[in-house]
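Q: my questions are about this predicted structure, shown below with the sequence.
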Amino acid sequence: MQIRGLNGGKHKRFSLKPSKAAMQHAAEGDYSFYSERNFRHMLHIERQRAERSKKPFLLVLLDLLGLHAGHRDGHILEKIKSVLVSCSRETDIKGWHEHNKIVGTIFTEISSVDEKTVEKIFRKFHSAFSEILDPELIKEIKISFHTFHEENGTSSINDRLFNIAFYPDLSKPSISRQAKSSTKKLMDITGSLSALVFFSPIFLIIATVIKLTSDGPVLFKQERMGLNGKIFTFLKFRSMYANSDHSRHKEYISKFIGEGKDNRDTPGLYKLSNDPRITPIGQFLRKTSLDELPQFINVLKGEMSLVGPRPPIPYECELYDIWHRRRLLSVKPGITGLWQVSGRSSTTFDEMVRLDLKYIKDWSPWLDIKLLLKTPFVILTGKGAY
């Protein structure tokens, strides 16, 4: 049995026999094993509960893809199901995380999840498998432990904040959602290509002015978080002096997100007002949002969409509350979005996230078209420009 721990670490094999009564009930088929659809629904509910209560839960997944296809049906599969039951409580949730491929158990109402807890559960699983399965079959089963929510640890920010194992309802959309996504992709490709061609003369003018007025590159490149926390290189026309110190912005964002302060009295949701790092031409570019034109390249590369949530800087995501993370799941970040046309920098952070989640929930091609049509008006009027 191959093991992955809380942070991808390895665990030793132990021997701890499960309850004989639990094994007997499992052998007799006295257990509730959810279908993929119902298990994902229960995982969704448990995730919402944890977001509200801030109490963690543990998701244990058994990857059966290493088993021969014939072993994932019938008698062997029933034995594997019985192990899940014997190693969990009645209040825990068992079922298919991915039908015929991955089974899982949601350990609910756990006061804390640490190495000791994981080790204890692993010992139960290994001992139970050793009693009813051939050793060669056990070697082909991969078991992984996922904590919701894990704030610290040695794992990457993607694993800690954007572990898609907890979001199967978002990471694997329905057929209708996939069809809509194809429409969105087509809109992104045609829209970004058209914009790059149409704005190409302006690109040349802006690039020339930037080079003539300040030292440094024409484009500003920065790491941002995209779909499911994937890092990509975000492009903008440079509006600051070269080699500017970003610690002031990081401190501002930490206060703004971490303390949950209302931003109505401090203009600039993600941009400081009267920022001395900004060049004179940079002030104009930001006011008119012309500095964002290179993001059409990000859209054409498939890293962003024309419409979607704003792509955050990685250190911003470290400050997210657990419910904030959903804004980067199931949808790519965008050049414009619902919060941009609804108030832009006059919106508080929590309000911005709620608008992003509303956009994700209500998305349709027509909604994207309406937001794209509203964006020029917001830019021209300078409403909440940042």
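A: Structure received.
Q: buried ones in stretch 231-241?
A: Across stretch 231-241, burial judged by 16 or more other C-beta atoms under 10 Å covers 232, 234-240. C-beta: built from backbone N, CA, C; applies to glycine.
Q: got a pLDDT number for L212?
A: Confidence at L212, expressed as pLDDT, is 94.
Q: for E303, that is, sorry about that
A: Here, the pLDDT recorded for E303 equals 95.
Q: circling back to that earlier point, can the buried residues of stretch 231-241 go into CSV with extra columns for pLDDT, distance to T381 and secondary structure?
A: As requested, the buried residues of stretch 231-241 are exported to CSV (pLDDT from 0 to 100; distance: C-beta to C-beta, whole Å; DSSP: H, G, I helix; E, B strand; the rest coil):
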residue, pLDDT, distance to T381, secondary structure
F232, 96, 31, strand
F234, 97, 26, strand
L235, 97, 26, strand
K236, 96, 22, strand
F237, 96, 21, strand
R238, 94, 25, coil
S239, 92, 20, coil
M240, 90, 25, strand
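Q: so can I have CSV of those residues showing distance to G95?
A: Converted to CSV, those look like this (distance: C-beta to C-beta, whole Å):
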residue, distance to G95
F232, 34
F234, 39
L235, 43
K236, 45
F237, 50
R238, 51
S239, 51
M240, 51
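Q: from the residues you listed, pick the one nearest V331.
A: F232 (14.5 Å; C-beta to C-beta).
Q: now that closest one. Nearest residue, chain neighbours left out?
A: The shortest distance from F232 to any non-neighbouring residue, by C-beta to C-beta, 6 or more residues apart in numbering, is to E303 (4.2 Å).
Q: and the one you found, how many neighbours?
A: Applying other C-beta atoms under 10 Å, we find 21 residues neighbouring E303.
Q: shift numbering so it begins at 55
A: Got it, first residue is 55 now, which makes that one E357.
Q: which of the three states applies to it?
A: coil (DSSP: H, G, I helix; E, B strand; the rest coil).
Q: contacting residues for it?
A: E357 makes contacts with 280, 286-287, 386, as judged by C-beta atoms under 8 Å, 6 or more residues apart in numbering.
Q: and if you look at V385?
A: 281, 359, 362-363, 413-414, 417.
Q: same question, F274
A: 289-294, 345.
Q: ok, 7 Å please
A: 290-292 (C-beta atoms under 7 Å, 6 or more residues apart in numbering).
Q: for G149, phi and psi?
A: Torsion angles at G149 (phi, psi; degrees, to the nearest 10) stand at phi 170, psi -170.
Q: any idea how far R364 is from it?
A: Using C-beta to C-beta, to the nearest Å, G149 is found at 36 Å from R364.
Q: neighbour count winner among the two?
A: Ranked by neighbour count (other C-beta under 10 Å), G149 and R364 place G149 first, with 23 against 19.
Q: what's opposite that one in the beta bridge?
A: Y88, G158 (DSSP bridges).
Q: before we move on, back to that, distance to K178 and secondary structure for the contacts of E357 - can I get that in a markdown table?
A: As requested, the contacts of E357 are exported to a markdown table (distance: C-beta to C-beta, whole Å; DSSP: H, G, I helix; E, B strand; the rest coil):
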| residue | distance to K178 | secondary structure |
| --- | --- | --- |
| G280 | 38 | coil |
| F286 | 41 | strand |
| T287 | 45 | strand |
| K386 | 41 | coil |
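Q: show me this protein divided up by domain.
A: 56-225, 229-435 (automatic domain parsing).
Q: of these, which shows the lowest average pLDDT?
A: domain 56-225 (a mean of 75).
Q: related to what we said a few turns ago, among the contacts of V385, which are in helices?
A: 413-414 (DSSP state H).
Q: dump the contacts of V385 to TSV, plus neighbour count.
A: TSV is the format used below for the contacts of V385 (neighbours: other C-beta atoms under 10 Å):
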residue	neighbour count
L281	22
S359	26
G362	28
P363	28
Y413	22
I414	18
W417	19
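Q: ok, so of the contacts of F274, who is nearest G391?
A: Nearest member of these to G391, counting by C-beta to C-beta, is K290, at 16.3 Å.
Q: correct me if wrong: the closest one contacts E346.
A: Yes. Using C-beta atoms under 7 Å as the test, K290 is close enough to E346 to be in contact (6.0 Å).
Q: sorry, back to before: P348 versus the residue nearest to F286, what's the distance?
A: 12 Å.
Q: now, among the contacts of F274, which is nearest to N352?
A: K290 (9.7 Å).
Q: contacts only, for the closest one.
A: Counted by C-beta under 7 Å, 6+ apart, K290 has contacts 274, 345-346, 348-349.
Q: nearest to I160 among those?
A: Q349 (38.9 Å).
Q: what's near enough to touch the closest one?
A: 289-290, 358, 389 are the contacts of Q349 under C-beta under 7 Å, 6+ apart.
Q: ok, now R278?
A: 286, 288, 365-367.
Q: buried residues of whichever helix or strand L266 is part of, list them for me.
A: Using DSSP states H and E, the element containing L266 is helix 254-267. Using 16+ other C-beta under 10 Å as the test for burial, helix 254-267 gives 257, 260-261, 264.
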